[in-house]
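S.K.: Structure, please.
(chains A, B, C and D)
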There are 2 protein chains.
Amino acid sequence: MPKKSEGKRKISESTIKRLSLYYRALSLLEKENQETISSKELARREKLTPAQVRKDLSFFGSFGTRGLGYPVSELKQRIAEILGVNRVWNIAMIGVGNIGSALVSYKEFQKQGFIIKLVFDNDQRKIGSNHKGLIVSDIRDMPRLLRENHIEMVVLAVPAIVAQYIVDEVVAAGIKAILNFAPINLHVPPDVYLRSENMSMELEYLSFTLTNRRPPAE
Amino acid sequence: MPKKSEGKRKISESTIKRLSLYYRALSLLEKENQETISSKELARREKLTPAQVRKDLSFFGSFGTRGLGYPVSELKQRIAEILGVNRVWNIAMIGVGNIGSALVSYKEFQKQGFIIKLVFDNDQRKIGSNHKGLIVSDIRDMPRLLRENHIEMVVLAVPAIVAQYIVDEVVAAGIKAILNFAPINLHVPPDVYLRSENMSMELEYLSFTLTNRRPPAE
DNA sequence: CGGCCCATGTGAATACTTTCACAATAAAGA
DNA sequence: TCTTTATTGTGAAAGTATTCACATGGGCCG
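M.R.: The predicted structure is shown next:
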């Protein structure tokens, strides 16, 4: 019974996020020249359960060898294919404030194949200036430049107050994948994929935990 | 039957994260001078369902008025108490590279009451320099300075390769809450709360979605 | 080359989360 | 004050995700 042709294997968001973790762990293991890894050890490294690791991978095929574990390099390559990171993605950064310019210099993105090709801002003082080898473009030229440079993803690092306005422009320019750093909920059409990174949320989660933890001694 | 005294109301991680969203939405509504909000409208603004909003809030009490909705300011205040953000948290930033220095200038944190009081690095060229009014301290002075400044949370923005080493030092200094930006899984004792922000993960999620989406036309 | 060991792959069981659906009830207007 | 309307709060139902547990089968040693 062929699995490939089945229409609607619905993979959950949590499984995809864990694939990212496996990918990262496997990259490290590959550097350490480890050839195989068991679900048990992979789970330990990422604080998961072995059953979880095996179940996640089983959605995509049988990559392991019973009694031995998974071949590190091969599994890494297969996950790269699944995630679509076995290629280069051209991305554009919109906004060159604190966060935007930090991300332009963030090597982790490049290492994963996410190449920032263009940088935009609407501040006349910034336009034309050089950021890590990239000239800041005028946001008014965005539609044309995105098209000319075959940009497929956009990272939004603009103030919350203008974020919805800008994202509308990005959508109008035909972009289908957006990563938003502005602390506000944005609305996009159903064929556009939007993910948001909310850095305050994690601090608030820590705040909640410290506030509501069981007192140290009863 | 008193709810307050019940021991083990277990609140799920997703509920807490949504409280952050409600809090953000309510802050906005308060600025717009809106006095009440229904679960329906709150849900629409954060792309959730009305039942979800009501269920989440019901874990903590009855804040609404039937037929009318929730009082914006009061609900905001109650959520602030639940999250523990109705106070100031003193935090320290460790690492003043790209990400670290961007976060020092990130106004959203301060706005939420997370005040960066100290900044550390191990690079002699950076130590003593001024970052947005803060002098970069030597990481070797960390234990003493964290204690003296009543720091309760630490944000880690150091290279992955040294992150586990640094986090061990942070734990040794008695810190119980850490937000990690290094792209690696860190291990801490069970009484220390660690959250990680993985910015590549969201790009990889977008990559997966674009790669595996149903083709535009059949 | 036979048997033992070990770790996978996976249905079934369990645990958790979300949604449904409706009784309860406050507000507003007649 | 009564009726209508709107929206909450919440058990019960449905839907997802995780964990269990074990049959399966490849590798390796003697």
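S.K.: helix, strand or coil for residue A:154?
M.R.: Counting by DSSP: H, G, I helix; E, B strand; the rest coil, the backbone at residue A:154 sits in strand.
S.K.: How about residue A:187?
M.R.: Per three-state DSSP, residue A:187 ends up coil.
S.K.: Now do the biggest strand by length in chain A, average pLDDT.
M.R.: As assigned by DSSP state E, the longest strand anywhere in chain A is strand A:114-121. Strand A:114-121 comes out with an average pLDDT of 98.
S.K.: Kindly report the same for stretch A:147-161.
M.R.: 98.
S.K.: first to last residue in that stretch, what's the distance?
M.R.: 26 Å (Cα to Cα, to the nearest Å).
S.K.: Equivalent analysis for stretch A:66-85, please.
M.R.: Termini of stretch A:66-85 sit 28 Å apart (Cα to Cα).
S.K.: so what's residue A:167 closest to, chain neighbours aside?
M.R.: residue A:186 (5.0 Å; Cβ to Cβ, 6 or more residues apart in numbering or on different chains). Every residue, glycine included, has its C-beta placed from N, CA and C.
S.K.: returning to what we had before: following element in sequence after the longest strand of chain A, please.
M.R.: strand A:130-131 (DSSP states H and E).
S.K.: From the chain's centroid, how far away is that following strand?
M.R.: The chain centre lies 24 Å from the centre of strand A:130-131; the measure is Cα atoms, centre = their mean, to the nearest Å.
S.K.: so does the next helix-or-strand element following that strand get close to chain B?
M.R.: The helix or strand immediately downstream of strand A:130-131 is strand A:134-138, counting by DSSP H and E. No - judged by Cβ under 8 Å from any Cβ of the partner chain, strand A:134-138 stays clear of chain B, getting no closer than 14.4 Å.
S.K.: Would you mark the buried spots in the helix or strand just after strand A:134-138?
M.R.: The helix or strand immediately downstream of strand A:134-138 is helix A:142-148, counting by DSSP H and E. In terms of neighbour count (16 or more other Cβ atoms under 10 Å in any protein chain shown), helix A:142-148 has its buried residues at A:142, A:145, A:146.
S.K.: Identify all contacting residues around the longest strand of chain A.
M.R.: With contacts defined as Cβ atoms under 8 Å, 6 or more residues apart in numbering or on different chains, strand A:114-121 is touched by A:88-96, A:100, A:103-104, A:109-110, A:127, A:131, A:134-139, A:142, A:145-146, A:149, A:151, A:153, A:155, B:200, B:203, B:207.
S.K.: Can you say which of those are buried?
M.R.: By 16+ other Cβ under 10 Å, the contacts of strand A:114-121 give A:89-96, A:100, A:103-104, A:109, A:127, A:131, A:134, A:136-137, A:139, A:142, A:145-146, A:151, A:153, A:155, B:200, B:203, B:207 as buried.
S.K.: one step back: closest to DNA strand D among the buried residues of helix A:142-148?
M.R.: residue A:146 (32.7 Å; Cβ to the nearest atom of the strand).
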